[in-house]
Each structure stands twice: as C-alpha cells, then as structure tokens.
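Participant: this one's sequence-less:
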C-alpha cells in the first residue's frame, strides 16, 4: 500500500510538471496585449479620484480632467474607478476585468495576491467621445461573465461572453452622429450573490460637453445593496 501511495505521489508531481507549463503558456498566449494599429492609445486610468493631483500637468489641462478637478469632492466619484479615452485620432484601448465574488468591474490588473486583498471601488466610470474608436479587452478573475451594454453602442451584440483564462475583445466606433449620453454596462449572467451590483457607467461626451454636464448620472454607491457583497463592506458598516 505504501509503495502504491508513493507511486501515485510521483505521478501527481509529473502531471503537475506537464500541466502547469501548458496552462501558463495558454494563459500567456491569450492574455498578450496583442498588435494594434499605429497610434493606438490606452485609456488614462484613475483608481481613485484623488490620484488626479499626481497626473502630468499636460494631462490635467485636458477638458475632462479640468472637470474632474472641479468635481474632485463628489461623493459619487469617490466611489468610482475612472478611465478616460485620450483625445485625438487612433484606437483607444481599455482592459476591464470582472469579479463575481464582489460584483465588481475593475480597470486594475487582478492576480492571485490582490484578488482578495485589494479594496476595489464599487463602480467604474468610462469616458469616451463622439468619434472615438474604442476597443475593450474583457477578462474575468473567477467565473464566466457576460458583458452587456446597450446595442446602440455594440450593434447586434446583446452580450459578450468572457470565459476564464481568455481575453475577449470587443470594439466599436462612436460615430460623429452618435447620441451622446450616459449608458449602463453590466454582467448579463448570474455570476454570484453580488451579481445585481455588477454594473458601471459608460459616458459618451458630445462636442463641447464636459463631465459636469453629467454629474447627476454617476452611480453612487448604495450601502444597502453593497453590504455583504463588496470589498468595501468593512467601510460601509462604519
């Protein structure tokens, strides 16, 4: 019996030596940043509104960030991660990761050590402009998620599947005649007990519009819904 147990242990170790590198290779293969056209820019991200003070002075001169400076004390914005498409031509790219256990979308990288330890904001505010071409790289840190946004933004797609271990890309062009406004994105499939709070705001600014024009559209945190679900629950109970 002891010899059998030792043999099984050896087989288990050999299996891990084979399976783990394959798994790591597969993960890297499908999570590489990819090759995008020349001129591609990443969204400018703030994991907390207070980070605006540390931005490059040239970035702070942009109209969207001038608005954020004026709204810096907004209770709603303090509950949001914020990602803003930079001005000018070219593809604008953002990575968005879903987490079912907390009912959260985040623009931050999520790995094993910070899945549980990092305090993520309850909401994400994405800001783009009429005329922007946007590509969102969708990932999940745990279970299957289905990204959904109004079909006026992604024509024909009711939802975008996000399988674990893969990056799913969805892109769209916000034409010049697109209806500027505030749109809600969410997870379409029940992914856990906190599924109901897994949403965020996609704000499309028209010509000469600023964030101040939509300050009543930012989703404030709702303590009665977030308590017991979100990684901010220890703060909400205070």
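Facilitator: Sure thing, it's come through. Only a predicted model underlies this, so the values are computations on that prediction, with no experimental measurement involved.
Participant: any idea how far the spatially most central residue of the chain is from residue 107?
Facilitator: Nearest to the geometric centre of the chain sits residue 96, at 2.7 Å (Cα atoms, centre = their mean). Going from residue 96 to residue 107 by Cβ to Cβ, to the nearest Å gives 6 Å. (Glycine included, C-beta is placed from N, CA and C.)
Participant: which residues do the two both contact?
Facilitator: When contacts are counted by Cβ atoms under 8 Å, 6 or more residues apart in numbering, the set common to residue 96 and residue 107 consists of residue 124.
Participant: follow-up on the earlier one: need the contact list for the residue nearest to the centre of the chain.
Facilitator: 105, 106, 107, 124, 136, 137, 138, 139, 147.
Participant: now do 7 Å
Facilitator: By Cβ atoms under 7 Å, 6 or more residues apart in numbering, the contact list for residue 96 reads 105, 107, 136, 138.
Participant: in terms of contact, does the second one touch residue 44 like I think?
Facilitator: No: with contacts defined as Cβ atoms under 7 Å, residue 107 does not count as touching residue 44, sitting 10.2 Å away.
Participant: More neighbours: those two, which one.
Facilitator: residue 107 (22 against 19; other Cβ atoms under 10 Å).
Participant: any idea of the pLDDT on that one?
Facilitator: You'll see residue 107 listed with a pLDDT of 93.
Participant: For the closest residue in space to residue 89 that isn't next to it in sequence, grab the count of nearby residues.
Facilitator: Distances taken as Cβ to Cβ, 6 or more residues apart in numbering place residue 39 nearest to residue 89, at 6.4 Å, with adjacent residues excluded. Neighbour count for residue 39, taken as other Cβ under 10 Å: 9.
Participant: The contacts of residue 96 in strands, which ones?
Facilitator: Among those, DSSP state E puts 105, 136, 138 in strands.
Participant: Tell me the one of the contacts of residue 96 nearest residue 186?
Facilitator: Lowest distance from residue 186 to the contacts of residue 96 (Cβ to Cβ) belongs to residue 105, with 8.8 Å.
Participant: looking at it, the closest one is touching residue 94, isn't it?
Facilitator: No: using Cβ under 7 Å, residue 105 makes no contact with residue 94, being 10.8 Å away.
Participant: between those two, which one's more packed in?
Facilitator: Counting neighbours by other Cβ under 10 Å for residue 105 and for residue 94 shows that residue 105 has the greater number, 25 against 20.
Participant: picking up where we left off before, with distance to residue 117 added, can I get the ones in strands among the contacts of residue 96 in JSON lines?
Facilitator: Below are those laid out as JSON lines (distance: Cβ to Cβ, whole Å):
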{"residue": "105", "distance to residue 117": "18"}
{"residue": "136", "distance to residue 117": "26"}
{"residue": "138", "distance to residue 117": "23"}
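Participant: domain ranges for the chain?
Facilitator: Domain assignment for the chain, taken from automatic domain parsing, gives 1-32, 37-236.
Participant: ok, of the ones you listed, where does mean pLDDT dip lowest?
Facilitator: Of all the domains of the chain, domain 1-32 carries the lowest average pLDDT, namely a mean of 43.
Participant: Strands along the protein, start to end?
Facilitator: For the chain, the strands defined by DSSP E occupy 41-42, 44-46, 80-84, 91-99, 104-106, 123-129, 133-140, 145-148, 160-162, 168-173, 181-187, 199-205.
Participant: ok, back up a step: which residues do residue 107 and residue 44 both contact?
Facilitator: With Cβ under 7 Å, 6+ apart as the test, residue 107 and residue 44 both reach residue 83.
Participant: The contacts of residue 96: which two are farthest apart?
Facilitator: 107 and 138 (11.6 Å).
Participant: Adding distance to residue 60 as columns, could you present the strands of the chain in TSV?
Facilitator: Below are those laid out as TSV (distance: least, Cβ to Cβ, whole Å):
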stretch	distance to residue 60
strand 41-42	17
strand 44-46	11
strand 80-84	12
strand 91-99	19
strand 104-106	24
strand 123-129	15
strand 133-140	23
strand 145-148	31
strand 160-162	33
strand 168-173	28
strand 181-187	24
strand 199-205	17
